[in-house]
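Q: just need the structure, nothing else, for what follows:
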Amino acid sequence: MDSMISRLRETVDQQNFEAALREGVCEFADFSRIATESEEQFFSGVRVVPSHVGADLDVVRVPECESILSSLESSRQVLIVGASGTGKSGLLWRSASLLQDGPMLIRVLRVSSDSDVQSLIRLVRMLSPTPERRVVVCIDDLGRAATERWPEARDRLLEFSGVSILAACRQEDLLPSIAEGAHLVDSRLARESAARIYARLRAAGFELATEPEEAIHRADGLLMEFVAIATTGRRLREVLRTQLQGLDDTDHADSRELLAVITALHTLGRSVPADELPRLVGESPAIVARRLSRLRDEHLIVSDDGTSWRALHDLRAEVLLDLLHEVPPPTLATTYARSIAAAPAEVRPMLYRRAATRVLRAARLETVSSVADRLTSARRVIDPLVKSIADRVNDLANAPGPTSAREIAALVDAAERLDVSAYVAATLGYVKQITPPTIDVSSYYLLAYTSRFSDIFTGNDLFRQIASAGARLPEWDSSARQTVVSKISDDVILQTLMEAPLDVAVRFSERLEGYRTLPLAAAAAVFAKHSARVADPLRVDVVDVFAQLIATLAVVAELEGPRVEQAFGPPRQRARWAVEADDSGFAVDVVLSDRRELPSSSSNLARASTYTSDTFCEVSARAVARFGTVDVQRGYQPQAGQDPTSLNSQAVFLAQRLFDACPEADVVSVEVVVPARGASAPIDGKKRMRVGALPRRIATERSIALQIAVTELLSTERWTDRCRRQADASAQLLELLMALPARLSERDSSRGRREWIEKVVSVAALVAQLPGPPLDPQLIGRLSAELPFAADFDLRLRETTRDPSKAALDLIAQSLLQVSQGLNDAANLGGAGLRLAGAPQALAGARAEDTLPEYAGVGPLLPNELGSLASMAARILVARGQGALSPGDIRGRSLEDTSALTLTSAVSAADGSLAAVEQRLTESGVEVFASSVQEILNPTDPLLPLELIIAVDASAWAATEESLRSWGPSAREEACFQTRTRFVAMHLGRLVQVGAVLDDAEGPLRDIDPTDYPDIARRLGALLAPSVFQERADNLIGSLISASSANGWSRRRPDGWRGVQSTARIPSAESIDDDPQAWADAIVIYRELESLVASEGDDGGTFAEVLAGVDLSIADTFASPIVQAVGHLRALAIEADLHSLSADDAS
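A: Numbering: from 1, shown residues only. Model (predicted):
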């Protein structure tokens, strides 16, 4: 009723109705308004709006419009996509005009905030759209800041049954969130449309310098290019050059300077504030205004909001910027440096870096012969940017303070990234030349770089070629950082470190390492100032950062051994802080031992020197293991590929904090104890490491910075480039897999084999050389504002630039390459098959994660059949490797038929396992309700790719679980049980979310991953039973575990340590009249457990520790009353859910 009243109030409220119109969020599309531009101005390239269509300035592009209108009939959301200059806006509004006698047309002008979204939705709701009274919402320029909230608005608009959407987006800005659910239409110029435009130009009296066939051929589908070629015989570049020459021939020659600044900042994704331009060019506002007016009249720049200026068009901005720097001065870097000065201070550090990448890309460094000379050239190219940063730092250094400290640190950070960009730009071309064609360039580069600056590959013949490549790389050049840091006096450095926030002080100090030094007394003063802010109360996220400050101060002040204590106090106190800050920590010790007892290290990175020449310092600590969700420490990132909740990660986090807090430590020993499983930790939770074995955070950040620099330089500028090449590679991989049986047959022809091998090498090279996807400029712009420090920016950008599609295709290509290198070698074939077996899962993961758009004119990027063919090929190869399949068996068979031969043993094993399970359950009085045999996506053994799903009645689940728990490995093996089997419960045709898994005869019984239940239900053709009460029970038990964990941690901590800062709150559990009796009974048990946790003392294992020790395969672990009570509570929750299901079905 409230909702109805609210909608009624909106309907009768005229102010509400007009809000979106009044606020400039949208307007009704008006084609009756006539644009004032001439045909010459229009065809020079403008952003097309409805008034241009109303004036018939555009040419109806029939094929493209028909495609758009046809798509609107079959899809509620049509998205016109293309590169800059393909006429997307014109197509949008001309197609909309052809609808104007039917649906109501709304033109969205802005949707950049929550209020914009609300206003737009409110207006559309009040129009009451229905399928008979349609509303078409039209929006241009998706992917820009003004349309940032479009995905949210779109989703809500499509909730109205009578709403359709017609939109346009640059290819460069097309994100998955924008393309979601849309039918994409390519905006490239069709030949028929090009001919119509040509005829229009001729009828209008334009001087046409080329024939239409030549213009069409040279335009490459770009409308702006086509018009420029057709009307002048020159490409757009020459047209714009003529315009610039026209400026030189008038009294507006100085306008070039303004145009350069505006176009430069435009290419970095920002407009120039109008009020900043007089200062930048050193002229009065009146003179600047006259010049801007001339540039606007020339259709070179435009002001959208009256407060800032940008280039008229992205394509024109790129061309103009290049033309303006054909004959320096100024150089491109100088112009970028000047333009960046007009941007807000918080985004300048990232703009410097982006400008450096663009400048280095345009520098043509490959024309320089030697790599060392290329690096010198690269340094010279970006020097104006470095000087600009240094000048800004110098200005800030003369007015130090907390605000300027953050900017100084960010700018020094940016200077370091310029060093990285210059080095990579200078050396990447050389490495590309020597990288084997079937190996990914970025991977090879990072290996060569690692070899150059470490001895990690020393003595390893497998990496001899990489070591040779690394040896030819020049010395590292950090002159940008040196130049910038030299502008900061010792007094300002100390003042900045003292007054800056803790995280900024760490960043700043890290950038001084190796370039400036601090006296011991100064380091001690900085430590004392920040320790006063950290010690009370101790918080692990703050102590993480404080430990990093200690580590970097020790480097900058050149402190080692006993001198560390002189600056920072006893190591035992710092180690205690590092352990005490973590609620789960409970023991710490610092010991000096004879150097002869120093443990050896397999890492080449371990520090050679020790605390003194005769002793080494060892810091040891213990903590209780955390289970379930573990908060990742904010100061440290988990190691690549590591689960942050694992015992290994928990141990590594603690060790990293101790190494940083105690720089004098030569060895750190940590033990993450699992109490219920004995005092000795599992191997993953127990570590003893030499200093250097774990890289400091700053070293990891620099490695990531290198990866990002390589990614930026190797990424393509167009989605289409990547998509077309990937589709081609996928199609060829399909052909290679289909042809594999013929290559393994005893009658394979030498010619067929040779051509197949050549194609494998060719496709492997094609995959290895796939360009990275274009970097999202909108994301980069947003991150630039949010994350002024380059390290944070790099980390976030790395998360978004993963390329799972390429990784999956490379796995297939490299597996086939291995096959091609030994077609008659059974062991080689078997190894390649095991490798290829991972492809289906990699492809599934890529489909789930990928951001690549799907274009109608481009083939499938990851064909659905690729995974199944790879799985078949893997089975064939493994069977050949094990001798289960001979070349004679394969003769004349297809891939599918040959694969079927390999499944005989798997089917037999599944049949035997099913019989064993049925016999076991029957003996326990349990009847198998249903069974299913399914293929496993990523089997441990490719020749056993099947799994069983066994369903029993929910009422028999307790008996089933007891039977499986007591079915030991020897009994399973004797019963011929081999196939992975998942056991689940059913009730009234619904899958109950309780189950267990046996992987094989030897493996333990374990719970089914809760996320697997929807897939199991689909495989069984069943619906999921509700799990409302099970979720309630899990939440209640989880809260008890959290509270009990805090109890366990507290009682282990020594006297005088900070109390555990537990945020666990035990919720009250109530039953209402409508709840089943089973839930009321469950609450009784819960209250007993609640009382138990509340009264936990120093004796016996806590509730959390007892549950952590439960193993489904060990019957003794179920003997505890706590475990039995929890099991009973969960069983009652399931019973309550089943009762609700029965009641619903009955009603």
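Q: and Cys617, what helix or strand is that in?
A: Assigned by DSSP states H and E, Cys617 belongs to strand 615-624.
Q: given that strand, what are its sheet partners and their directions?
A: strand 585-594 (antiparallel), strand 667-673 (parallel) (DSSP bridges).
Q: buried stuff in whatever helix or strand comes next after that strand?
A: As assigned by DSSP H and E, the chain's next helix or strand after strand 615-624 is helix 647-661. Buried residues in helix 647-661, counted by 16 or more other CB atoms under 10 Å: 647-661. Yep, even glycine has a C-beta here, placed from its N, CA and C like the rest.
Q: same thing with stretch 860-869?
A: Neighbour counts using 16+ other CB under 10 Å place Leu861, Leu862, Pro863, Leu866, Gly867, Ser868, Leu869 of stretch 860-869 among the buried residues.
Q: hmm, which two among those are most spread apart?
A: Spatially, the most separated pair among these is Leu861 and Ser868, at 16.6 Å (CB to CB).
Q: longest helix of the protein?
A: Longest helix of the chain, by residue count under DSSP state H: helix 402-434.
Q: run the chain-centre distance for the helix or strand following that one.
A: Sequence order places helix 441-453 as the next helix or strand after helix 402-434, per DSSP H and E. Taking the mean of its C-alpha atoms, helix 441-453 sits 22 Å from the chain's own mean (CA atoms, centre = their mean, to the nearest Å).
Q: can you pull out the strands in the stretch 651-800 of the chain?
A: 667-673, 686-690 (DSSP state E, counting those that start in this stretch).
Q: ok and the last one relative to strand 667-673, angle-wise?
A: What it means is strand 686-690. Calculated by axes from the mean of the first three to the mean of the last three CA atoms, to 10 degrees, strand 686-690 forms an angle of 170 degrees with strand 667-673.
Q: ok, strand 686-690: who's next to it in the sheet?
A: Applying DSSP bridges, strand 686-690 is found paired with strand 667-673 (antiparallel).
Q: which other residues reach the partner strand?
A: For strand 667-673, the surrounding residues in contact (CB atoms under 8 Å, 6 or more residues apart in numbering) are 598-599, 616-625, 647, 650-651, 654-655, 658-659, 662, 679, 681, 685-691.
Q: and with 6 Å instead?
A: Where contact means CB atoms under 6 Å, 6 or more residues apart in numbering, the residues beyond strand 667-673 that reach it are 618-625, 647, 650-651, 654-655, 658-659, 681, 685-690.
Q: one more: stretch 326-334?
A: His325, Val359, Ile382, Pro384, Leu385.
Q: tell me the mean pLDDT over that stretch?
A: In this model, stretch 326-334 has a mean pLDDT of 93.
Q: buried residues in that stretch?
A: Within stretch 326-334, the residues that count as buried by 16+ other CB under 10 Å are Pro330, Thr331, Leu332, Ala333, Thr334.
Q: in helices, which of these appear?
A: Those of the buried residues of stretch 326-334 mapping onto helices are Leu332, Ala333, Thr334, per DSSP H.
Q: and the closest residue to Glu1002 other than its chain neighbours, how many neighbours does it have?
A: Ranked by CB to CB, 6 or more residues apart in numbering and with sequence neighbours excluded, the top spatial neighbour of Glu1002 is Pro969, at 5.1 Å. Pro969 has 15 neighbouring residues, counting by other CB atoms under 10 Å.
Q: break this protein down into its domains, please.
A: Following automatic domain parsing, one gets these domains for the chain: 2-188, 366-510, 517-702, 715-902, 904-1025, 1029-1146.
Q: what about the residue in the chain sticking out farthest from the centre, which SS state?
A: Within the chain, Gly205 marks the point farthest from the mean C-alpha position, 52.8 Å out by CA atoms, centre = their mean. What DSSP: H, G, I helix; E, B strand; the rest coil gives for Gly205 is coil.
Q: what pLDDT is listed against it?
A: For Gly205, the predicted pLDDT is 84.
Q: list the contacts for it?
A: For Gly205, no residue meets the contact criterion (CB under 6 Å, 6+ apart).
Q: one more pass at 10 Å, please.
A: Glu39, Glu40 (CB atoms under 10 Å, 6 or more residues apart in numbering).
Q: cool, and Thr716?
A: Neighbour list for Thr716: Arg722, Cys723, Arg725, Leu770, Pro771, Gly772, Pro773, Pro774, Leu775 [criterion: CB under 10 Å, 6+ apart].
Q: distance-wise, check the residue lying closest to Val135 once chain neighbours are set aside relative to Arg156.
A: Leaving aside its chain neighbours, Val135 sits nearest to Pro129 (4.1 Å; criterion: CB to CB, 6+ apart). Between Pro129 and Arg156 the distance is 13 Å, computed by CB to CB, to the nearest Å.
Q: these two - which one has more neighbours?
A: Using other CB under 10 Å as the criterion, Pro129 and Arg156 rank with Pro129 on top: 21 against 16.
Q: the more buried one sits in which helix or strand?
A: Using DSSP H and E, Pro129 sits within no helix or strand.
Q: thinking it is in contact with Val163, fair?
A: Yes: the pair Pro129 / Val163 is scored as a contact, 5.1 Å apart, by CB atoms under 10 Å.
Q: give me the common contacts of these two.
A: In contact with both Pro129 and Val163: Pro103, Val135, Val136, Val137, Leu157, using CB under 10 Å, 6+ apart.
Q: ok, the residues you listed vs Phe226, which is closest?
A: When those are compared for distance to Phe226 (CB to CB), Val136 wins out at 28.5 Å.
Q: my read: the closest one touches Phe28, true?
A: No: taking contacts as CB under 10 Å, Val136 lies outside contact range of Phe28: 11.1 Å.
Q: name the residue in these two with the higher neighbour count.
A: It is Val136, of Val136 and Phe28, that has more neighbours when counted by other CB under 10 Å, with 24 against 11.
Q: list the helices and strands the helix or strand harbouring the more buried one packs on?
A: Using DSSP H and E, the element containing Val136 is strand 135-142. Contacting strand 135-142 under the criterion 3 or more CB pairs under 10 Å, 6 or more residues apart in numbering; DSSP states H and E are the following elements: strand 26-28, strand 77-82, helix 88-97, strand 104-108, helix 114-126, helix 150-157, strand 163-170, helix 176-179.
Q: right, so of these, which gets closest to Leu189?
A: Judging the helices and strands packed on strand 135-142 by CB to CB, what sits closest to Leu189 is strand 77-82, at 9.1 Å.
Q: would you map the strands across the stretch 201-350 of the chain?
A: Under DSSP E, counting those that start in this stretch, the stretch 201-350 of the chain gives strands at 272-273, 301-302, 308-311.
Q: can you count the residues close to the spatially closest residue to Gly24 that is not a sequence neighbour?
A: Counting by CB to CB, 6+ apart, the nearest residue to Gly24 once its immediate chain neighbours are dropped is Leu109, at 5.8 Å. By other CB under 10 Å, the residues close to Leu109 number 19.
Q: do the same with the one 10 residues further on
A: Here the number of neighbours of Ser119 (other CB under 10 Å) works out to 24.
Q: pretty sure it sits against Val25.
A: Yes: the pair Ser119 / Val25 is scored as a contact, 4.8 Å apart, by CB under 10 Å.
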